[in-house]
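J.: Predicted coordinates and the sequence they were generated for:
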Amino acid sequence: MDKISIAGLLVGLLAVVGGQFLEGGHIGSLSQPAALVIVVGGTLGAVMLQSSYTTFMRGVRMAKWVWVPPVVDHRQLIRQITGWSQVSRREGLLALDAIVEQLQDGFSRKGLQLLVDGAEPERLREVLEVDIGTFEHEMRLSARVWEAAGGYSPTIGIMGAVMGLIHVMENLSDPSKLGAGIAVAFVATIYGVGLANLVYLPIANKLKAHISRLVTQREMLIDGLVGIANGDNPRIIESRLQGYLL
């Protein structure tokens with residue numbers, strides 16, 4: 001569980017609500033279902049229109065990474081690759097064939113299988129880098145679902161504000177309805193800007209950070225496998241991979 005993400009969301013919401021109380025307002029003035037429907041529904045529709053079904057659904061599913069990040073253990077990967085290197089030096093590349101089927105990660109399994117099959121180091125790197133490029137492209141497209149929501153939301157909020165003001169103008173003859181109409185108009189803007197900057201854009205940036213870590217992990221795997229294919233000493237391979245760590 002990513003505690004800082006939860007804390008950040010709570011701090012942001014408390015700051016907005018707390019500021020409202022300090023200004024002498026009350027929570028009810030920020031609760032406008034009509035404005036929420038306009039902003040959230042309009043933003044959702046715009047994002048769905050610009051995205052393919054696969055990209056949109058992947059982006060929605062990736063949102064859980066904000067609170068439950070994908071497991072990325074670079075130190076464990078270094079130990080694993082070093083172990084493969086030691087086995088290769090003692091028993092040859094074919095000895096790694098028994099390890100291939102034990103791997104759960106498809107990318108690692110593909111890379112190790114290419115190594116066992118005797119692929120040349122440069123060809124091994126070339127094949128796996130194509131996989132990395134495709135993976136990173138698709139993942140970043142999905143993360144942009146949230147980035148796009150952060151771009152559309154403020155504009156949809158302004159639309160909601162204009163709609164609220166239109167409603168106000170239609171009721172100029174009834175002063176009792178003017179206050180409520182103006183409130184809905186401005187709350188729509190708050191929803192649009194608030195959701196963009198407190199929710200959508202932070203989620204997009206957090207997902208991009210996780211994608212970068214996953215790509216780095218795959219790059220480490222390629223470097224390690226190419227080192228094994230070149231017959232490098234396990235200590236040299238381990239030392240080189242340590243360079244990826246902070």
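T.: Looks like it came in fine.
J.: I'd assumed Lys110 was in contact with Leu128.
T.: Yes: contact criterion Cβ atoms under 8 Å: Leu128 and Lys110 qualify, at 7.4 Å. Yep, even glycine has a C-beta here, placed from its N, CA and C like the rest.
J.: mind checking the backbone torsions on Leu9?
T.: Reported as degrees, to the nearest 10, the phi and psi values for Leu9 are phi -60, psi -40.
J.: Show me the domain layout of the chain.
T.: What automatic domain parsing lists as the domains of the chain is 1-31, 32-242.
J.: Lowest average pLDDT across those?
T.: Mean pLDDT is lowest for domain 1-31 among the domains of the chain, at a mean of 76.
J.: Give me the residue at the spatial middle of this protein.
T.: Centroid-nearest residue in the chain: Leu207, 1.7 Å away (criterion: Cα atoms, centre = their mean).
J.: Summarise which helices and strands the helix or strand containing that residue is packed against.
T.: Taking DSSP states H and E as the criterion, Leu207 maps to helix 201-229. Packing partners of helix 201-229 (3 or more Cβ pairs under 8 Å, 6 or more residues apart in numbering; DSSP states H and E): helix 74-91, helix 106-116, helix 121-170, helix 234-242.
J.: Quick check: buried residues in it?
T.: 201-204, 206-208, 210-211, 214-215, 217-218, 220-229 (16 or more other Cβ atoms under 10 Å).
J.: ok, and what's touching stretch 184-199?
T.: With Cβ atoms under 8 Å, 6 or more residues apart in numbering as the test, stretch 184-199 has contacts from 9, 12-13, 16, 29-30, 32, 34-36, 38-40, 43, 149-151, 153-165, 167-168.
J.: what's the answer for stretch 97-114, then?
T.: 84, 87, 96, 116, 124, 127-128, 131, 135, 218, 221-222, 225.
J.: How about stretch 7-14?
T.: The contact list for stretch 7-14, computed with Cβ under 8 Å, 6+ apart, reads Leu198, Val199, Pro202.
J.: CSV for these, including distance to Ala63?
T.: Formatted as CSV, the contacts of stretch 7-14 follow (distance: Cβ to Cβ, whole Å):
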residue, distance to Ala63
Leu198, 14
Val199, 10
Pro202, 11
